[in-house]
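A.B. asks: next input, structure requested:
(one chain, ligands or ions: 2)
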Amino acid sequence: MITMKDFIAENNPILRQEAEPVSFPLDEETQELITEMREFLINSQDDEIAEKYGLRAGVGLAAPQLGVSKQIFAVYLVEYTDEGERGDTIIDQIFINPKIKSHAVQKAALRDGEGCLSVPHDVPGFVPRPRRVTLEYRDEHGEVHTVKLRDYEAIVVQHEMDHLKGILFYDHIDADQPWRQGDDLTII
Ligand SMILES: O=CN(O)C[C@@H](CC1CCCC1)C(=O)N1NCCC[C@H]1C(=O)Nc1ccccn1
Ligand code: NI
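C.D. replies: Ligands and ions are numbered 1, 2, ... in the order given. Take a look at the predicted model:
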């Protein structure tokens, strides 16, 4: 199973590389990787398992974070009830060779900024991203899908897309005024 020791260090050059496209049908190794990436996200959001294995809870994971420079990321986003029970699944998906086909001009940023499982320290500041994106990707079977995402889901997917392009969230933070909220920035 994937644990935090499988994450490469923040200064590892692989995190700054452009990841390679994946060919289909997927080979055994890639299929195994994909299964493990999704499992990691599910495990990391299970309090007991996360506690037992020292996992940082994550909602998304990109292959380059594990030192694998392939255009693959996983997102596992579920709703939680007030009692912390697992609710509806919002996104449970493997994205392969993803492409942003179009995006809104309007920007959105998370109120508390972003973090990254590959960055073991806080970097404060808004991370402005297009508020809506249209994403085309292949699933693990090679099927092509196109989805429109907005707000939090759009932010998560763009954070992962950045990893495939060697970009880290703090590359987007305004160095002079990290918490500057221009009039075209929606805080969510
Ligand atoms: O590339 C992928 N990463 O670096 C994992 C990141 C991805 C998110 C960061 C901002 C948008 C996508 C991640 O998930 N986090 N960032 C570091 C610590 C918090 C954690 C997080 O937001 N956890 C979470 C959120 C909701 C439900 C469960 N867990
Ligand atoms: Ni990240």
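
A.B. asks: contacts, neighbours, all on C-alpha from now
C.D. replies: OK.

A.B. asks: would you mind listing what in the chain touches ligand 1?
C.D. replies: Residues of the chain lying near ligand 1 by CA under 6 Å from any ligand atom: 45, 57-62, 114-118, 155-156, 159-160.

A.B. asks: what about the strands in this structure?
C.D. replies: For the chain, the strands defined by DSSP state E occupy 60-62, 72-80, 86-103, 107-109, 129-130, 132-138, 144-150, 185-187.

A.B. asks: to A9, which of the ones you listed lies closest?
C.D. replies: Set against A9 and scored by CA to CA, those come closest in strand 60-62, at 13.9 Å.

A.B. asks: the closest one pairs with which strands?
C.D. replies: Strand 60-62 has its sheet partners listed here by DSSP bridges as strand 72-80 (antiparallel).

A.B. asks: any low-confidence regions in this structure?
C.D. replies: Along the chain, no part satisfies pLDDT under 70.

A.B. asks: ranking the strands of the chain by burial, who's on top?
C.D. replies: Mean neighbour count (mean count of other CA atoms under 10 Å) peaks for strand 60-62 among those, with a mean of 25.

A.B. asks: what residues does the helix ranked longest in the chain touch?
C.D. replies: Ranked by residue count, the top helix of the chain under DSSP state H comes out as helix 28-44. Contact with helix 28-44 is made by 1-3, 49-50, 55-61, 63, 72-76, 94, 140, as judged by CA atoms under 8 Å, 6 or more residues apart in numbering.
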